Structures are given as C-alpha cells and as structure tokens.
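Visitor: Sequence below, structure please.
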Amino acid sequence: MSYATNALSVRIADELAEMIANGDFRPGDKLPNEPELSKKMQVSRTTLREALRILSTRGLVEVKRGIGTFVTQSRSIHADYDVLKIQDTNVNTKDLYEMRLMFEPQAAYYACLRASDEELEAIFRYGELNERMIRHQDPEWDDSEQKFHNSIASATHNPFITALLPIFNRAIHHGIILAAEAPQVAEMTLHDHRVLMEYLKDRNPEGAKAAMYLHIINTMRAFKIPLD
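Guide: Model (predicted):
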C-alpha cells in the first residue's frame, strides 16, 4: 500500500472515530456495508478496509466475518459514566481548559508511545495544515486545530480518551473565539505545536507530555484564565 493510501486511511479512520465519539454510531451498532460506507466516505473499498483495520486496533470496532463491522461493546463504559453527555454540561472556559490540562498532556504521552508511523504522519499533516490556516488567518482554523488535537488523542488507542473528543473540541472552539482578542495566541500556538511535533517525531513521550502541558498553560495565561 502506498504512502498516500496509508495517509488517507488514517484520515478516514480519524473521521469515523469522530463520528463514533459524536454518537453517530453507538455501541453495538453495525456500520453500513462496505459499498455504502466507502461511498459515504468518498474513498475506495481498499482504503476503507485499512481504515477499519486501524479502528479495530484502537478497540473502537469489531469485525465479525460474514456478518459485518460493529462499534465495540466495550464502549458501554460511556453509558456507565455518561461521558458523552458531559458536552451538554453548562461549564465555563476555565472548566474546559482545566479539563484539557488534566487529560491532554497524558494523551500526548501515550500517543507518542502507541501511534503507528501512519498515525504520526497524520498528526504532522494536520499540524502543517493548522499552521497554514493560522498564518492565513483562515476561518477554518477552528476545524484544523481540532483535527490536530483529535489526531493526537485518537493515537492513544484509548476509547475513553476518544470519547472525550467532543469536549476537547468544545474547549478548542471557545479558545479560537477568545484568540480574536489575544493576537499573541496565534504565534504562541505555532511555536508550541512545532515543539510538540518535534518530541512526537523523536518518540519522546516525556517531552511530548511536557510540551502539551506548556501549550495549554501558555494558552490559559494568554486568555487570563486563572491557574489556581
């Protein structure tokens, strides 16, 4: 399989993981058959199969030969803890960023340890896309920022962290709105992301963890969010 096909498969896997995290497919649901799903995702069946294999290694889906592909029942932990309902909770920006500070540095640590080469390439691709969006002050900066952080969280191969993606995205969306009043955030974000990607490239989990921690701390300070 070519590099381009590998990279596309990782992107499709990330998109499907987001759909699962957002509740488009629930625990126990059978995914659409290959022809239907490949058409929906606008990719070949070969690329889709590789994307489903990636999701299987992450523990998000289970392939039952001759029957179909199902969202894994292990995600029933979400029902026990109502993780997905947290996104509907009335919380402020401080709460959201404190949540990121608790989870994302450790997510960067495990992503560094567990990410496949293809998943790392996807992280770097989203990082480069995000940099272009920021430099051009593109309104899609919100989307590319989310994809960058989501690709790191997905690379942990931890279903609980994947379930938190909608909440990460909510915090990021709040941050992009605040960034309009804090112009220094753009350059700071570019610097912090580059440092983080260097540690990921070097497979240095402690460095990646520290870089993500500092990135969120720097952002909180720029937005004047109390750290105590």
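
Visitor: helices and strands of this protein: which one has the lowest mean pLDDT?
Guide: helix 77-81 (a mean of 39; mean pLDDT, DSSP states H and E).

Visitor: Quick one: residues contacting the most centrally placed residue in the chain.
Guide: Against the mean C-alpha coordinate of the chain, by Cα atoms, centre = their mean, the closest residue is Asn150 at 1.0 Å. Listed by Cβ atoms under 8 Å, 6 or more residues apart in numbering, the contact set of Asn150 reads 14, 17-18, 165, 168-169. For the C-beta atoms, the positions are set from N, CA and C on the backbone; glycine is no exception.

Visitor: pLDDT score assigned to it?
Guide: According to the prediction, Asn150 has pLDDT 88.

Visitor: My reading is that it lies in a helix. Confirm?
Guide: Yes - counting by DSSP: H, G, I helix; E, B strand; the rest coil, Asn150 is found in a helix.

Visitor: Sort out which residues of the lengthiest helix in the chain are buried, please.
Guide: In the chain, assigned by DSSP state H, the helix with the most residues is helix 93-114. Using 16 or more other Cβ atoms under 10 Å as the test for burial, helix 93-114 gives 93, 96-101, 103-112.

Visitor: for stretch 190-208, same thing?
Guide: Buried, per 16+ other Cβ under 10 Å, within stretch 190-208: 192-193, 195-197, 199-200, 205, 207-208.

Visitor: so after the longest helix of the chain, what's the next helix or strand?
Guide: As assigned by DSSP states H and E, the chain's next helix or strand after helix 93-114 is helix 117-135.

Visitor: how about that following helix as CSV, C-alpha atoms only?
Guide: This file holds the C-alpha atoms of helix 117-135, laid out as CSV (Å, rounded to 0.1, in the frame of the first residue of the first chain):
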residue,chain,number,x,y,z
ASP,A,117,4.0,5.7,11.8
GLU,A,118,0.9,6.4,9.7
GLU,A,119,-0.8,8.0,12.7
LEU,A,120,2.2,10.2,13.3
GLU,A,121,2.2,11.2,9.7
ALA,A,122,-1.5,12.2,10.1
ILE,A,123,-0.6,14.3,13.2
PHE,A,124,2.1,16.1,11.3
ARG,A,125,-0.1,16.6,8.3
TYR,A,126,-2.8,18.2,10.5
GLY,A,127,-0.2,20.2,12.2
GLU,A,128,1.1,21.6,8.9
LEU,A,129,-2.4,22.3,7.8
ASN,A,130,-3.2,24.1,11.0
GLU,A,131,-0.1,26.3,10.6
ARG,A,132,-1.1,27.3,7.1
MET,A,133,-4.6,28.1,8.4
ILE,A,134,-3.3,30.2,11.2
ARG,A,135,-0.8,32.1,9.1
